[in-house]
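Asker: Kindly return the folded structure for what I paste below:
(2 chains)
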Amino acid sequence: MKLTAYEQDMANGKYGPGLQKAINLLIRYGDACGAEEFVEITSGHVMPKEPPELLEQFTEGIDKLPVTTTLHPLMSAFSPEKWEAMGISKEYAEQEMKDYSKREELHTKLGFLKTYSCLPMTMGNLPRSGDYISWIGSCAQILANSMFGARTNKDGTVVSLCSALTGRTPKTGLLLDKNRYATVLVKMEEGLKLEGDSDYGAMGYYIGTQVANKSIAVEGLNRSITFDQLKYLIAPAAASGSIHVFHVIGITPEAATKEAAFGGKEPEKTIIVTRNNLEETKAIFPFDKNKEADLVLLGCPHITIQEAGNIAAILKGKHLRTGKRLWLGMAKPTYELAHTMGYTDIIESAGGVVSDTCMATIPDSPIPVGTKVVMTNSFKCAHYVRALQKDRVEIMINNISECIAKITEDGGNRNE
Amino acid sequence: MSEALKGKALNPGKTKGEAVVFQTPFSFIGDMSPVTGEVTMVGNPNFGKSLKDKVLVFQTGRGGTIAPFILYQAVKNKVGPCAILCDHADMLTLECALTVDIPILDDFNGKITELIKTGDMLEIDKDTIKIA
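Answerer: Numbering: from 1, shown residues only, chains lettered A, B, ... in the order given. So this is what the prediction gives:
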């Protein structure tokens, strides 16, 4: 790697042991990847689950971060404020609180933005098309690369931390034009219309199972597609598979035209998605109208303000039936706005618990005793809950409205 | 009798240890306990085996972006491996090895998961591996 004078000084320890350690790890990483130089990043997004000693080592001598850096959710259902209401065990919570407090002190001192969200672009960390960034989180990564045209590699927790601390990341992989072009074209069968969040999710999840380690471009979606629909379409493709950039022709920044998405080349392969493909994909997490659900998980990726409004409208005049749980993953900045709008009052008085934690990694917390059937609208959530909980619970998928209908009944507040 | 294998040293170093070979992709999340260092893959021939100070040999990684933190914990608990050999080291496995600064090599002349057997004693020096 060719270094600038400033990078060389960092590597020699001129700016303290933390930066020295961080840049040298990135230099070895860049060398092994064949990178020739660093780029300056415009923002970072890191995982706030650092072993406290590791965070201390890498930040020793640093007073302030060079770029805007947000924090991801904690990667479990554990929330310092809500764990009790969620039925998480006291033993687990006490253990988590120790490390949480140590980390939070350092995060605050250095100015990490305590967003605790997998959608940092909706709260103060909005990358522009062409920006170099280093972000954690498979969903944040694929959305930043695809929906926003920003450039991040699928960095792990340590490379993204070192990049945020130094403001540098090796110029390699998805930071390079040639690795971002689509090579697979995805078409929709004639007359196929996507309806409801589970259709969008099924399509993204299906595409992820069909293509490995490539960028793809979807043709045939309407420009009126919403942020939430794109989110449900794109996010699960990073869970079921390893898609790099998920272009949507005519919609995402690097795919204004088919030619632009493919860099002027012909697709190597074309996939046609049918209604049958979508229904078979939903059947991986089969919905059974006769089966009871114990726990409904919404907010994977985190609930946006628009979804919060929709959920409140569905929940109005209803409450959770006895023994049922409703967890909603929503970051605090969204919660504030939802509260101002009166949405959270409706959600919470119906019995829902809103938490800024991760709904996909809940088995880490672990899942409350007595929970046998989990229902969600999210393929990403269903995928990880099944993978992490080793068949202890069953998982069903359906749209938000069906999820809520399954565990609620008409009537005022739960406590009335 | 001893023979030498050459690979690409992605993080060069010198160490020795007993090989534990996996014929499946490996992740530090879920496949190994960071507390005991034991293999937790149910049904795998290496299930229950300790990876403490072992040379971990597998084809490639299978993801999990938090893996570098987990390996860091294992090494802090003194139950981590001493080196990693892969047929093809994915970026995340490379990041894991760099985080705890242990040697990692890949790109051998042939499949490393077939050239080495569990229980082989290995000496690693930069890009060279000697099987005792």
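
Asker: For residue 64, which residues are in contact?
Answerer: I'll assume chain A. Neighbour list for A:K64: A:L110, A:G111 [criterion: Cβ atoms under 8 Å, 6 or more residues apart in numbering or on different chains]. Every residue, glycine included, has its C-beta placed from N, CA and C.

Asker: wait, I meant chain B there
Answerer: By Cβ under 8 Å, 6+ apart, B:G64 lies in contact with B:S27, B:F28, B:I29, B:G30, B:I70, B:L92.

Asker: Could you do A:D99 as well?
Answerer: A:D99 sits next to A:P51, A:P52 when contact means Cβ under 8 Å, 6+ apart.

Asker: if I look at it, how far off is chain B?
Answerer: Between A:D99 and chain B the distance, using Cβ to the nearest Cβ, to the nearest Å, works out to 11 Å.

Asker: Let's test this: mean pLDDT of whatever helix or strand that residue lives in, rounded?
Answerer: Taking DSSP states H and E as the definition, one finds A:D99 inside helix A:90-110. Per-residue pLDDT values across helix A:90-110 average out to 92.

Asker: Could you do stretch A:326-344 as well?
Answerer: Rounded to a whole number, the mean pLDDT of stretch A:326-344 is 97.

Asker: Any regions of chain B where pLDDT drops low?
Answerer: Counting by pLDDT under 70, the low-confidence segments of chain B come to B:1-2.

Asker: Relative to the whole chain's centre, how far out is the longest strand along it?
Answerer: In chain B, taking DSSP state E as the definition, the longest strand is strand B:14-21. Here the centre of mass of C-alpha atoms in strand B:14-21, compared against the chain's by Cα atoms, centre = their mean, to the nearest Å, lies 8 Å away.

Asker: what's the answer for stretch B:8-27, then?
Answerer: Here the centre of stretch B:8-27 is set off from its chain's centre by 3 Å, with Cα atoms, centre = their mean.

Asker: What of stretch A:382-397?
Answerer: Taking the mean C-alpha point of stretch A:382-397 and that of its whole chain, the gap between them comes to 18 Å (Cα atoms, centre = their mean).

Asker: What lies in contact with it?
Answerer: Stretch A:382-397 is contacted from outside by A:198, A:201, A:205, A:236, A:239-240, A:282, A:284-288, A:291, A:293, A:297, A:360-364, A:366-367, A:371-379, B:30, using Cβ under 8 Å, 6+ apart.

Asker: How far does that stretch stretch from one end to the other?
Answerer: Distances were taken as Cα to Cα, to the nearest Å; on that basis the terminal residues of stretch A:382-397 are 7 Å apart.

Asker: Then stretch A:182-202?
Answerer: Stretch A:182-202 stretches 21 Å from its first residue to its last (Cα to Cα).

Asker: quick one, what contacts residue 96?
Answerer: In the absence of a named chain, this looks at chain A. Applying Cβ under 8 Å, 6+ apart, the residues contacting A:E96 are A:L74, A:S76, A:F78.

Asker: my bad, the chain I had in mind was chain B
Answerer: Contacts of B:C96 were listed using Cβ under 8 Å, 6+ apart, and they are A:G156, B:F28, B:G61, B:A67, B:P68, B:L71, B:I84.

Asker: So which of those residues wins on neighbours?
Answerer: Ranked by neighbour count under the definition other Cβ atoms under 10 Å in any protein chain shown, the contacts of B:C96 are headed by B:P68 with 31 neighbours.

Asker: Which of the three states applies to it?
Answerer: Using DSSP: H, G, I helix; E, B strand; the rest coil as the criterion, the local structure at B:P68 reads helix.

Asker: Can you name the residues of chain B that neighbour chain A?
Answerer: Contact residues of chain B with respect to chain A, defined by Cβ under 8 Å from any Cβ of the partner chain, are listed as B:10-11, B:30, B:63, B:65-69, B:72-73, B:76, B:91-92, B:94-96, B:98-99.

Asker: which of those residues are buried?
Answerer: By neighbour count, with 16 or more other Cβ atoms under 10 Å in any protein chain shown, these hold B:10-11, B:30, B:63, B:65-69, B:72-73, B:91-92, B:94-96, B:98-99 as buried.
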